[in-house]
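>>> My questions concern the predicted model and sequence given below.
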Amino acid sequence: MLEIANEDFVKLVKFIKDRYGLNLEDRKILVESRLSNYVLDCGFDNFSDYLRLVYNDSTQREVANMINRLTTNHTYFMRETAHFQHMMGIFLPYAEKNVKDKTLSIWSAGCSYGNEPYNIAMCLDEYFGAQKKQWDLKILATDISYNALKSASNGVFSPAAIENVPDRWREKYFTHTQFGDYKVIDEIRSNVVFRYHNLMDDIVFKRKFHLIFCRNVMIYFNDEARAKLCKKFYDATEPGGYLYTGHAESIPADMPYKRISTAIYRKVVQG
């Protein structure tokens, strides 16, 4: 395994923190273990030369590749099921009653390989049923990894990734591939729009959101970055809308959302 020099590690920590809000200060071993083979595969025999490539890449694709390798966790369908139960039982009945123009805005922020936004699309299909055609139910799914977004748009998953999906949903929303994997059906894939977005950048989407999923993303952020992001999410949320976070994530105590239950927050309607 390659070792990263302390001066290179300190510079990398600052670069990632300033650009993306991620905190790598105590993760030197993680950086070495997750990047060593990749650095070698890129044709470098040391971190210094590879990082010079990262810093000088004006397209930002290489830093996105690097971050993807540093932050990717095991992801699967029906993760943190309580959120989907709340969505189906509380959020969607509220939205159906109160969203008068029948345009529902949902954002999967940090969508990784697409499990989450596709899972959301399946819940929408189940809830609205035949009434679905009366609604605009496009889901925005964003990430900083171009590789993850490319994989997500294909909608192909291993059997292990969908093992928590109910049997009826597996038959309804997936087809088998010739390699033994599962592919999300076109009707569900067409409900998800994948885009690159760095959560440290300003949120400039045209509409505010009725529901934002940002789960198991802020665990990599320091307190200051989490606070700034939660404030940006709040400003981008419709009154009465919700934010779902990861159950293991710590949220700033002064976050403007009202805590509804574990990892579920709401922007209270004023008046």
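Good, I have the coordinates.
>>> So which elements touch the helix or strand hosting V31?
Using DSSP states H and E, V31 sits in helix 28-41. Helix 28-41 sits against helix 6-20, helix 47-56, helix 61-71, with contacts defined as 3 or more Cβ pairs under 8 Å, 6 or more residues apart in numbering; DSSP states H and E. C-beta: built from backbone N, CA, C; applies to glycine.
>>> again, 6 Å this time
Counting contacts by 3 or more Cβ pairs under 6 Å, 6 or more residues apart in numbering; DSSP states H and E, helix 28-41 packs against helix 61-71.
>>> Can I get the helix it packs on as PDB, trimmed to CA atoms?
Taking Å, rounded to 0.1, in the frame of the first residue of the first chain, the C-alpha atoms of helix 61-71 are listed here in PDB:
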ATOM      1  CA  ARG A  61     -13.500  14.900 -13.100                       C
ATOM      2  CA  GLU A  62     -10.400  13.500 -11.400                       C
ATOM      3  CA  VAL A  63     -11.200  15.000  -8.000                       C
ATOM      4  CA  ALA A  64     -14.700  13.600  -8.400                       C
ATOM      5  CA  ASN A  65     -13.300  10.200  -9.100                       C
ATOM      6  CA  MET A  66     -11.100  10.500  -6.100                       C
ATOM      7  CA  ILE A  67     -13.900  11.600  -3.800                       C
ATOM      8  CA  ASN A  68     -16.100   8.800  -5.100                       C
ATOM      9  CA  ARG A  69     -13.500   6.300  -3.900                       C
ATOM     10  CA  LEU A  70     -13.100   8.000  -0.500                       C
ATOM     11  CA  THR A  71     -16.800   8.200   0.300                       C
END
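>>> what's the span of stretch 241-259 from first residue to last?
Stretch 241-259 has an end-to-end distance of 12 Å (Cα to Cα, to the nearest Å).
>>> The closest residue to I4 other than its chain neighbours: neighbouring residues, count only.
Of all residues not flanking I4 in the chain, F47 sits nearest, at 4.2 Å (Cβ to Cβ, 6 or more residues apart in numbering). By other Cβ atoms under 10 Å, 21 other residues sit near F47.
>>> same thing with R34?
16.
>>> what about the strands in the stretch 101-250 of the chain?
Along the stretch 101-250 of the chain, the stretches classed as strands by DSSP state E, counting those that start in this stretch are 106-109, 139-143, 156-157, 174-176, 182-184, 192-196, 209-214, 237-245.
>>> Export the ones you listed to CSV and append columns for mean pLDDT.
Formatted as CSV, the strands of the stretch 101-250 of the chain follow (pLDDT from 0 to 100):
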stretch, mean pLDDT
strand 106-109, 97
strand 139-143, 96
strand 156-157, 94
strand 174-176, 95
strand 182-184, 96
strand 192-196, 96
strand 209-214, 97
strand 237-245, 96
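>>> how about low-confidence regions in the stretch 151-271 of the chain?
Low-confidence segments of the stretch 151-271 of the chain (pLDDT under 70): 271.
>>> mind running it again at 90?
Within the stretch 151-271 of the chain, the ranges that satisfy pLDDT under 90 run 160-167, 178-179, 200, 206, 216-226, 246-256, 262, 268-271.
>>> now the helices: where do they sit in it?
For the stretch 151-271 of the chain, the helices defined by DSSP state H, counting those that start in this stretch occupy 167-173, 186-189, 223-235.
>>> No further questions, thank you.
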